[in-house]
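Visitor: my questions concern the predicted model and sequence given below.
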Amino acid sequence: MERFASLIDGLVYTRSRDTKVRLIADYLRDTPNPDRGWALAALAGTLSIATVKSTAIRAMADDRFDPALFRMSRDYVGDTAETVALMWDQLPHLSGTSPPTLGEVIDLLNNASRARAPSLLAELMDRLDADGRYALLKLASGGMRVGISARLAKTAFAQGFNLSVDDVEEVWHALRPPYAELFAWGEGKTERPDPSETAFFRPFMLAHPLDDGTVDLADYAAEWKWDGIRIQIASTGSETRLFSRGGDEVSGAFPEIAAAFKGIGVVDGELLVRGEVQGGEAASFNALQQRLGRKTVTAAMQAEYPVFVRLYDILFDGADDLRAQPWHQRRSRLEAFAATLDPARFDLSAIIEARDFDHLAAIRGGSRDAAIEGVMLKRRNAPYLAGRKVGLWYKWKREPLVADCVMMYAQRGSGKRSSYYSDYTFGCWGADGSLLPVGKAYSGFSDEELKWLDRFVRNNTIARFGPVREVEKSLVLEVAFDAVHESKRHKSGIAMRFPRISRLRRDKPAEEADRVETLKSMIG
């Protein structure tokens, strides 16, 4: 645990990507199993300790500290784990006990009951120094936040063992922590793991934004970019699994799709809810959102929000790996494959017929369907490659909608923003003249604008609710968003899709901000 804590400390205090990779690679080479496997899982975000939630850490803190003092300290520091680690220094600790190994920590926590977790955490805290305590709490709560993405963690592993990161990606999602097979391969003790007999996730091919450029439609095919969730279906015939863009399995939330998929292979598509209008086309994202994040769904929910998959691409047709083939050849295979599937659950993403790029721009400009985000442009000779590769796929999103809203509440951010009020809830005027919340955003502004916004919040606070501050309703924020949908969960009756702050309207009086009815008129 001490070496892991030292690694975390080193990662926190360096901004250099290369240095982070070297630190992780050195740790993974020099640390024995299973500690290094658990560390890799923690950094890549694949470690889950079911018995420890944030409530367990707060319960442990309440047992050791004055609750009022802890709440005030937490509000100042902005991070629960860091607050507990800092305050723990003031407590008497056990003497003559050795620090636990990382593997020991994982075993103890995973085998503890939820009721036992707070006291067990406290016992482990007493066996560690300040750095160890901080690392333990971040590990246990699943919020490492040390500037490491899953891709960077895999890159560090690959570099540490002289492997290709793409080869690591190919098998990563078929393996489980603490990755004994992965390290055996890295050390040359075994061949690369072969999970071909199982249905597992392969990394998606992603697109670069097409900002102000153009493409030649002789070289690129155009398809609609639908506003659902990207999904991958992998099936061996005996096993069918559905995966989200991040590689998380979502089969339980959409069992009817898994049951209806009778092909053998791996396909890429967009999961959508069948709409009640537009000839049974896709409904808005808000309808799909009712089913997201669920481990299981009832028959009633399946009937109320019937889902289907619009197929974009095919990676495997049976045992044939098609990813190296050009897009136009994969498209032919996909068309034949899709013809064998249930049309009630699967259809094919249509190619947009356009004479040239200007004609395509006109078609795109005339579409504001609630379920269309924009246009995808795919190079006709492009293979299917993991990640974003320049010049192969582009996403040309439609112009965002914009509304003038009034800041209502602010909350501290996390990580490097934990000292700033950077998460803003904003509203528009209702029919009765009151402000109704319509969205929340924490992006779109510069560092300088963040500092100004933080000062505004601190100087214009009229009420406090734990970490949240209510502010004077005087600042207008221009908010850009992709779409607006009806929502029964919000008092305003609407919900924004991907809201972000596009401009600070310090020149505009709050009473001139938009009305809720104006936003409702934007519903597609």
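Guide: Yes, it's here. This is a predicted model, so every value here is computed, not measured. Residues are numbered from 1 along each chain as shown.
Visitor: who touches the helix or strand harbouring Leu69?
Guide: Secondary structure from DSSP states H and E places Leu69 in helix 67-77. Under the contact criterion Cβ atoms under 8 Å, 6 or more residues apart in numbering, helix 67-77 has outside partners 61-62, 80, 83, 86-87, 412, 418, 466-467. All C-beta atoms are positioned from the backbone trio N, CA, C, and that covers glycine.
Visitor: and what of stretch 392-403?
Guide: Under the criterion Cβ under 8 Å, 6+ apart, residues 205-210, 215, 220, 225, 364, 367-368, 372-379, 382, 385, 428, 438, 478-484, 502, 514, 518-519, 522 lie in contact with stretch 392-403.
Visitor: next step: those restricted to strands.
Guide: Within these, residues falling in strands by DSSP state E are 205-206, 208-209, 220, 225, 372-379, 428, 438, 478-481, 483-484, 502.
Visitor: show the buried residues in those.
Guide: Among the ones in strands among the contacts of stretch 392-403, those classed as buried by 16 or more other Cβ atoms under 10 Å are 205, 220, 225, 372-379, 428, 438, 478-481, 483-484, 502.
Visitor: give the next helix or strand downstream of the helix holding Leu69.
Guide: Along the chain past helix 67-77, the next helix or strand (assigned with DSSP H and E) turns out to be helix 80-88.
Visitor: list the buried residues for that next one?
Guide: Result for helix 80-88 [16+ other Cβ under 10 Å]: buried residues 80-85, 87-88.
Visitor: ok and that helix relative to helix 67-77, angle-wise?
Guide: 120 degrees (axes from the mean of the first three to the mean of the last three Cα atoms, to 10 degrees).
Visitor: mind giving me the packing neighbours of helix 80-88?
Guide: With contacts defined as 3 or more Cβ pairs under 8 Å, 6 or more residues apart in numbering; DSSP states H and E, the packing partners of helix 80-88 are helix 54-64, helix 67-77, helix 130-141.
Visitor: and if we set it to 6 Å?
Guide: helix 67-77, helix 130-141 (3 or more Cβ pairs under 6 Å, 6 or more residues apart in numbering; DSSP states H and E).
Visitor: report all helices and strands that the helix or strand Phe243 falls within contacts.
Guide: For Phe243, the host element (DSSP H and E) is strand 240-244. Packing partners of strand 240-244 (3+ Cβ pairs under 6 Å, 6+ apart): strand 229-235.
Visitor: find the centremost residue of this protein, please.
Guide: Gly246 (6.9 Å; Cα atoms, centre = their mean).
Visitor: give me phi/psi at that one?
Guide: phi -80, psi 0 (degrees, to the nearest 10).
Visitor: going forward can the numbers begin at 25, since that is how I track them
Guide: Sure, I'll start numbering at 25, so the last one becomes Gly270.
Visitor: state the pLDDT value of it.
Guide: As predicted, Gly270 sits at a pLDDT of 83.
Visitor: where does the protein dip in pLDDT?
Guide: 75, 102, 113-120, 167, 169, 300-304, 392-394, 439, 548 (pLDDT under 70).
Visitor: tell me how it divides into domains.
Guide: 26-165, 229-421, 425-544 (automatic domain parsing).
Visitor: need the buried residues of helix 104-112 in a markdown table (columns: distance to Leu161).
Guide: Below are the buried residues of helix 104-112 laid out as a markdown table (distance: Cβ to Cβ, whole Å):
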| residue | distance to Leu161 |
| --- | --- |
| Thr104 | 8 |
| Ala105 | 4 |
| Glu106 | 8 |
| Thr107 | 9 |
| Val108 | 6 |
| Ala109 | 6 |
| Met111 | 11 |
| Trp112 | 9 |
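Visitor: for those residues, which one is nearest Pro201?
Guide: Ala105 (20.7 Å; Cβ to Cβ).
Visitor: would you map the strands across the stretch 325-474 of the chain?
Guide: In the stretch 325-474 of the chain, the strands defined using DSSP state E, counting those that start in this stretch lie at 331-341, 344-345, 370-372, 396-403, 411-412, 417-421, 425-436, 445-453, 459-465.
Visitor: relative to Asp155, which of those strands is closest?
Guide: Proximity to Asp155 (Cβ to Cβ) singles out strand 425-436 among those, at 23.7 Å.
Visitor: give me the buried positions along that closest one.
Guide: Buried-residue list, strand 425-436, by 16+ other Cβ under 10 Å: 425, 427-436.
Visitor: redo those residues as TSV? Include distance to Ser97.
Guide: As requested, the buried residues of strand 425-436 are exported to TSV (distance: Cβ to Cβ, whole Å):
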residue	distance to Ser97
Leu425	41
Ala427	38
Asp428	38
Cys429	33
Val430	32
Met431	27
Met432	26
Tyr433	22
Ala434	20
Gln435	17
Arg436	13
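Visitor: and which of those is nearest to Ile81?
Guide: The nearest one, if we look at the buried residues of strand 425-436 relative to Ile81 and count by Cβ to Cβ, is Arg436, at 17.3 Å.
Visitor: show me what that closest one bridges to in the sheet.
Guide: Per DSSP bridges, the residues bridged to Arg436 are Tyr445.
Visitor: what about it, distance to Thr104?
Guide: 12 Å (Cβ to Cβ, to the nearest Å).
Visitor: and what of Asp243?
Guide: Counting by Cβ to Cβ, the gap from Asp243 to Thr104 is 52 Å.
Visitor: go on, Leu160?
Guide: Counting by Cβ to Cβ, the gap from Leu160 to Thr104 is 13 Å.
Visitor: buried residues in stretch 275-285?
Guide: For stretch 275-285, by 16+ other Cβ under 10 Å, it's 275, 277-278, 280-282, 284-285.
Visitor: ugh, wrong one, I meant stretch 207-215
Guide: 207, 209-210.
Visitor: from the middle of its chain, how far away would stretch 97-110 be?
Guide: 25 Å (Cα atoms, centre = their mean, to the nearest Å).
Visitor: residues in contact with Gly69?
Guide: Going by Cβ atoms under 6 Å, 6 or more residues apart in numbering, Gly69 touches Ala174.
Visitor: what of Ile486?
Guide: Applying Cβ under 6 Å, 6+ apart, the residues near Ile486 are 494, 496.
Visitor: repeat the analysis, applying 7 Å as the threshold.
Guide: Taking Cβ atoms under 7 Å, 6 or more residues apart in numbering, we find Ile486 in contact with 494-496.
Visitor: check Glu359 too.
Guide: Glu359 is in contact with Leu372, counting by Cβ under 7 Å, 6+ apart.
Visitor: distance check, it against Leu346.
Guide: In terms of Cβ to Cβ, Glu359 sits 13 Å off from Leu346.
Visitor: do Asp382 as well
Guide: In terms of Cβ to Cβ, Asp382 sits 33 Å off from Leu346.
Visitor: same thing with Lys464?
Guide: 42 Å.
Visitor: more neighbours, the two?
Guide: Leu346 (21 against 15; other Cβ atoms under 10 Å).
Visitor: kindly state the beta-bridge partners for the residue nearest to Ile547 when sequence neighbours are not counted.
Guide: Sequence neighbours aside, Val508 is the residue nearest to Ile547 in space, at 5.6 Å (criterion: Cβ to Cβ, 6 or more residues apart in numbering). With DSSP bridges as the criterion, Val508 is bridged to Met520.
Visitor: so how far is Val399 from Val508?
Guide: Distance, Val508 to Val399, using Cβ to Cβ: 21 Å.
Visitor: tally of neighbours for Leu47?
Guide: 20.
Visitor: are we agreed that it is in a helix?
Guide: Yes. Per DSSP: H, G, I helix; E, B strand; the rest coil, Leu47 lies within a helix segment.
Visitor: let me see the contact set for it.
Guide: Residues near Leu47 by Cβ under 7 Å, 6+ apart: 31, 34-35.
Visitor: quick revisit: next, format the domains of the chain as CSV and append distance to Trp196.
Guide: Listed next are the domains of the chain as CSV, based on distance: least, Cβ to Cβ, whole Å:
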stretch, distance to Trp196
domain 26-165, 8
domain 229-421, 8
domain 425-544, 25
